[in-house]
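Engineer: Only the shape, not the letters, is given here:
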């Protein structure tokens, strides 16, 4: 069987380009938590410290029981968190303060684990 020399590299290139351009279509959230029903405003944050499924789950726990937070989706591969919140109850600055607050560690010290790099 005679395969043209350029067929294999072209197929590999097509697969790589297809994967690159379709990656956002198939990206699934690392965590997706709905605290209450309802809509509201949307806030997208790039968060230094959200690196894997464990840190993403810990991050969402910070907002459990916080009034005004409707839902959170995290994307660890993109270090991103998307909040749905009620602007009449909580502001983006308050969301950022909760995110960047020092967290108590087992040894009794406190350390900032998450830092908001950008907000949109």
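Structural biologist: Great, that's in hand. On a predicted model such as this, the values are computed, not experimentally measured, just so you know. Numbering: from 1, shown residues only.

Engineer: For residue 100, see how far away the nearest residue in space to residue 90 that is not next to it in sequence is.
Structural biologist: Nearest residue to residue 90, sequence neighbours excluded (C-beta to C-beta, 6 or more residues apart in numbering): residue 68, at 3.3 Å. From N, CA and C alone the C-beta is placed, and that goes for glycine too. For residue 68, the distance to residue 100 equals 18 Å [C-beta to C-beta, to the nearest Å].

Engineer: Regarding residue 46, what is its secondary structure?
Structural biologist: strand (DSSP: H, G, I helix; E, B strand; the rest coil).

Engineer: now the strands: where do they sit in this structure?
Structural biologist: Ranges of strands in the chain, per DSSP state E, are 31-34, 41-48, 69-75, 80-85, 103-104, 110-111, 115-119.

Engineer: how about a markdown table for these, with mean pLDDT, distance to residue 59 and mean neighbour count added?
Structural biologist: What follows is the strands of the chain, written out as a markdown table (pLDDT from 0 to 100; distance: least, C-beta to C-beta, whole Å; neighbours: other C-beta atoms under 10 Å):
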| stretch | mean pLDDT | distance to residue 59 | mean neighbour count |
| --- | --- | --- | --- |
| strand 31-34 | 88 | 8 | 16 |
| strand 41-48 | 96 | 7 | 17 |
| strand 69-75 | 94 | 6 | 22 |
| strand 80-85 | 96 | 7 | 22 |
| strand 103-104 | 90 | 10 | 10 |
| strand 110-111 | 94 | 14 | 10 |
| strand 115-119 | 95 | 11 | 13 |
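
Engineer: With distance to residue 2 added, can I get those in TSV?
Structural biologist: Putting the strands of the chain into TSV (distance: least, C-beta to C-beta, whole Å) gives the following:
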stretch	distance to residue 2
strand 31-34	51
strand 41-48	51
strand 69-75	46
strand 80-85	48
strand 103-104	64
strand 110-111	64
strand 115-119	53
